[in-house]
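Trainee: Pasting the sequence and the predicted model now:
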Amino acid sequence: MRHFFAALCAVGVVWYAVCGKANGAANTPVFDIGGLRKAPGWVELADGSTPPGTLVLDRKWDGTVCTSTLTNNGKEAIAVKRVVLFRLAHQLPPETGLYGEGFTMLSQTGGTLGRPVDIGGYTDAGHYKIPQPPDATTVYELLVLSPPGNDPILLGFTSCRRFVGAFYLRPDSIEIVLDTECLRLEPGETWNLEEFTALTDKDPNAMLSAFADRINQNHPPLRFDPVPTGWCSWYCYGPFVKASQVTANLDAIRKHQLPLKYIQIDDGYQLAMGDWLDTGPAFRGGIREVLETIRNASCEPAIWVAPFIAEENSRIFQEHPGWFIQDETGQPLRSDRVTFGGWRRGPWYAIDGTNPDVRQHLESVFRTMRHEWGCTYFKLDANFWGAMHGGRFHDAKATRVEAYRRGMEAVLRGAGDGFVLGCNHPLWPSLGLIHGARSSNDTGRSWDAFRNTARETFSRNWQNGRLWWNDPDCLLLTGRLPDNEFQFHATAIYAAGGMTLSGDNLTRIQPDRLAMMRKLLPPTGVAAQFEDNTFRVGAIDLPDSRLVCLFNWDETPQTLAFRVPQPAHITDFWTGENLAEYRDAFEVKDMPPHSARLFICKPAAP
C-alpha cells in the first residue's frame, strides 16, 4: 500500500510537467545558503548614529539553525531600531518564484522576485500601514524562493517570542532583519534574538515539514482533536443575528442529523465592541438562554470575541482609558492614526496586554464565557490590534509581540479547555497560542471569493495539523452560483484538510447541497500536497487511500491529468461513480472553467 501511494505521488497537469528543475536545466548556484554564515550583519540605532564598538551582535550556527544575541558592553543605554542579522548578495533572476508570509494573517506575497504579487487583498503596508522600506519588497517570518533550474530555498524564523522578523527583497540582495522597536538596551544587558533557519530541498513539501518541526520545538502547538465542525451565523445574518435565527438553524441541524458540533454566534450579539459580556437587543439583553438551548441539543456553544479592541462609547473604554495602548501624550491611541481603524463601529482603540489589570480582565471575560455561559469554542477576531504598532505600552520595555502574547496567555487561562481560533491575527506571534488559525480572507458567495480564499489557504496547507488546524472559512453551498463553482469550493474545503463550518441558512438548503456537505464531514485533518504553486493538481494521503484533486482556475476549459504508475481503482468522490481500473495515467478532458474534481484512488487487487 505504501509503495503504491509513493508511486502515485507523481502527479501533474496535462503534459505531466513537474515544478522545479526544468528538463536538462543546469543546476547553477545563484544563491549561496552557506554564504549566510559569512554575510555581514549590523545594528541600526534609533537616532541614526553609528553603533559603538561595545554593542556586540553574536551569531552562532548549529547546522541549519542560527541563534543570535545582542549585548551592550558599554556604560550607557542604547536605543536600537532594528538588527540586520544578514545581508546576502544574490544573482537570482527576476523570474525566481516567490512566496512570503505577512505579519498579519490577511497578507501574503507571491509571484516572482521581479514581479511580486499580493495574494491577499489586505496588505501589511497598504491596509495595516506597517512601515516598510520604500525601495524593497517586504515579507515576514517566512520566505521561499524557487530559482528556475534549482532547488527551492527556505529562509525563515522559527521563533517569535519578542521581535518581528522580516525580509527586505531587492534585485541584488536580501536583508534579514528583526524589528527591535527602538527599545533601550541597558548597560550589561543581553537580548536573545529570534531563531533563524535556512533550508533547501528538492521536495518543497518536505522542506516546509522540517521547518514546521523546528517551529514546534520553540512553540509547542496546542493540540485539539478532533478537527472542529460547526455552523456560523455570519454569512447568513451578519451583525444582525437574532436568537430566533440561531435556534431555527439548530433545529435544521437536528432535523437533517448533520454532524456539526459547534454552533457559533458571530459578531452582533454584544452591546458594544469591547463589552463582550453585555448583550444587545438582538438577544433581548441576554444570550444564555440560546447557549443553553444549543447545549440541550447536544451541540456545543461557540462565540465570536474581539478581545483586543473596543469602541469609544464602550463601557470598558469609558471606565478604563488607562487599559489601552497610548499615544505620545499618554492618551489612548486611536487606531486610525497608525493603522486601519476597524471595519465596524470604529475607530477602535487597542487594549494593552502588558497591563496586569488588562490581563486579569481578559482572563475573567473568558472564564465567564467558558464556565458561566458554557462556551467551548472561541473565535477570536481583530487580534492584530493586540500587536498594533506606533503606540506606547504600560510596560515600556515590552515589544508589540510581547504585548500580544501576554494578552493571549490570559485569554487561554480563562478559556480553559475551550477551542481557540485566531482570525485577523498576527501570524507568527500567535505560534503556540491558538488551536486553529484562519488561513484566508473572508469568503463569500462569489467566484472571486471562492478562488481567492482557496489560493490563500493552499499556500498555507503545510501549517495544517502541524502548527494548528487551518480554518479555510465557512463552507457556503447556497446561492445563485453555478454547480461547478460550488463543487470547486467544496473540493477546496476538502483539500484544505482543516476545520469545516457551514455558513448557510440551513433551513433553506437544498437536498443535493446537504448531500455534498455530508461528504465533507468529518474533516480528514489532512491537507493536500500540491505539485506546484499553480495549485492545479494535489494529493491527499489517507490511511487506506489517496485522493487526487484537480482544479481548473481558468476562464477556459482545461485538460488535467495525473499519473497512475500502478493499477488503481478510481472513483469520483462527489458522484460515487466507479471509473474502473486505470494504469499509467488518468485524464479529465475539457474541465469547465471554475471547476474541480476529486477522485479516490485505491490499489487494484494483484
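Mentor: Received, thanks.
Trainee: so where's this protein shaky on pLDDT?
Mentor: Across the chain, residues meeting the criterion (pLDDT under 70) sit at 1-30, 285.
Trainee: Would you map out the domains in it?
Mentor: Listed domain ranges for the chain are 2-14+531-603, 33-218, 239-307+363-388+402-519 (source: automatic domain parsing).
Trainee: highest average neighbour count across the ones you listed?
Mentor: Mean neighbour count (mean count of other C-beta atoms under 10 Å) peaks for domain 239-307+363-388+402-519 among these, with a mean of 21. The C-beta positions use only the backbone N, C-alpha and C, and glycine is treated the same way.
Trainee: Turn the domains of the chain into a markdown table, including distance to residue 327.
Mentor: A markdown table is the format used below for the domains of the chain (distance: least, C-beta to C-beta, whole Å):
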| stretch | distance to residue 327 |
| --- | --- |
| domain 2-14+531-603 | 42 |
| domain 33-218 | 15 |
| domain 239-307+363-388+402-519 | 11 |
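Trainee: where exactly do the helices run in the stretch 101-250 of the chain?
Mentor: Remark: helices assigned in the stretch 101-250 of the chain by DSSP state H, counting those that start in this stretch are 204-218, 234-237, 243-256.
Trainee: Show me what the host helix or strand of residue 449 packs onto, helices and strands only.
Mentor: In this assignment (DSSP states H and E), residue 449 forms part of helix 447-458. When contacts are defined as 3 or more C-beta pairs under 8 Å, 6 or more residues apart in numbering; DSSP states H and E, helix 447-458 packs onto helix 483-496.
Trainee: Work out the gap between the helix it packs on and the centre of the chain.
Mentor: The chain centre lies 19 Å from the centre of helix 483-496; the measure is C-alpha atoms, centre = their mean, to the nearest Å.
Trainee: just checking, next helix/strand downstream of the helix or strand that contains residue 515?
Mentor: Here residue 515 sits within helix 511-519, counting by DSSP H and E. Next along the chain after helix 511-519, taking DSSP H and E as the criterion, comes strand 529-530.
Trainee: Residue 79: what's its closest spatial neighbour, skipping adjacent residues?
Mentor: In space, and not counting its chain neighbours, residue 79 is closest to residue 46: 3.7 Å by C-beta to C-beta, 6 or more residues apart in numbering.
Trainee: My read is that that neighbour contacts residue 182, right?
Mentor: Yes. If you go by C-beta atoms under 8 Å, residue 46 and residue 182 touch, sitting 4.0 Å apart.
Trainee: Look up how far residue 255 lies from the spatially most central residue of the chain.
Mentor: Closest residue to the average C-alpha location of the chain: residue 439 at 3.7 Å, with C-alpha atoms, centre = their mean. Distance, residue 439 to residue 255, using C-beta to C-beta, to the nearest Å: 31 Å.
Trainee: Residue 563 pairs with what?
Mentor: residue 585 (DSSP bridges).
Trainee: Residue 584 is in contact with that one, correct?
Mentor: Yes. Between residue 563 and residue 584 there is a contact at 7.1 Å, judged by C-beta under 8 Å.
Trainee: so who does the closest residue to residue 287 other than its chain neighbours touch?
Mentor: Computed as C-beta to C-beta, 6+ apart, the closest residue to residue 287 that is not its neighbour in sequence is residue 279, at 4.5 Å. When contacts are counted by C-beta atoms under 8 Å, 6 or more residues apart in numbering, residue 279 touches 269, 270, 271, 285, 286, 287.
Trainee: again, but for residue 74
Mentor: Shown in contact with residue 74 (C-beta under 8 Å, 6+ apart): 52, 54, 55, 187.
Trainee: Could you single out the nearest of those residues to residue 42?
Mentor: For the contacts of residue 74, the closest approach to residue 42 (C-beta to C-beta) belongs to residue 55, at 9.7 Å.
Trainee: Touching, that closest one and residue 69? I think so.
Mentor: No. Judged on C-beta under 8 Å, residue 55 makes no contact with residue 69 at a distance of 11.4 Å.
Trainee: Many thanks, I have nothing further to ask.
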